[in-house]
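# attaching a predicted model along with its sequence, questions to come.
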Amino acid sequence: MKVSTKGRYGLRAMIDLALYSKCDLVPLASIAERQDISKSYLEQVFSALRKAGLVKSIKGAQGGYMLSSDLESITVGMILRALEGDLSVVPMEDSAPTNRIESYVRDKIWKEIDEKVFSYIDGITLKDIIDDYLKMDPAPMYYI
């Protein structure tokens, strides 16, 4: 599994949103500035996150984004799947394996790697990340 720029930037942006929202809407321009990511690129990222139900948006001068649920309910796995799609190490074809070695490798290697990776990323919530981050940097800077 290789995480693209979209996945990496999207995870950073979601962490930023979680840090700075505190029940308020966060303008995309603020996230873009803090994370040094193009606003137009973040618009694409947040479109996918909105379609996946991870964020809500309000349009207008006082608009912005907010998380659609609490920090404990959103996992790294949910964010990456919304942005990357299938996270499998090797895509599992619909057809059955053509020989025993192929079957073994698919079932014992690729599937087990996927299960371990999925278990890990599905076990990390935004709350876990924020709590750990705030231990390192207890006072995030607020931009006005």
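Received it, and whenever you're ready, just let me know what you need.

# sec struct for Ser57, please.
Here Ser57 is recorded as strand under DSSP: H, G, I helix; E, B strand; the rest coil.

# burial check on it, number of neighbours?
Neighbour count of Ser57, defined by other C-beta atoms under 10 Å: 15. No exception for glycine: its C-beta is placed from N, CA and C like everyone else's.

# and what of the one 5 residues further on?
The burial count assigned to Gln62 is 9, neighbours taken as other C-beta under 10 Å.

# try the one 10 residues further on
In terms of burial, Glu72 registers 10 neighbours under the definition other C-beta under 10 Å.

# wait, a strand at it?
No. The assignment for Glu72 (three-state DSSP) gives helix, which keeps it out of a strand.

# output the longest helix belonging to this protein.
In the chain, with assignment by DSSP state H, the single longest helix is helix 5-21.

# show me what it is packed up against.
If contacts are counted by 3 or more C-beta pairs under 8 Å, 6 or more residues apart in numbering; DSSP states H and E, helix 5-21 sits against helix 28-35, helix 39-51, strand 64-67, helix 76-84, helix 126-136.
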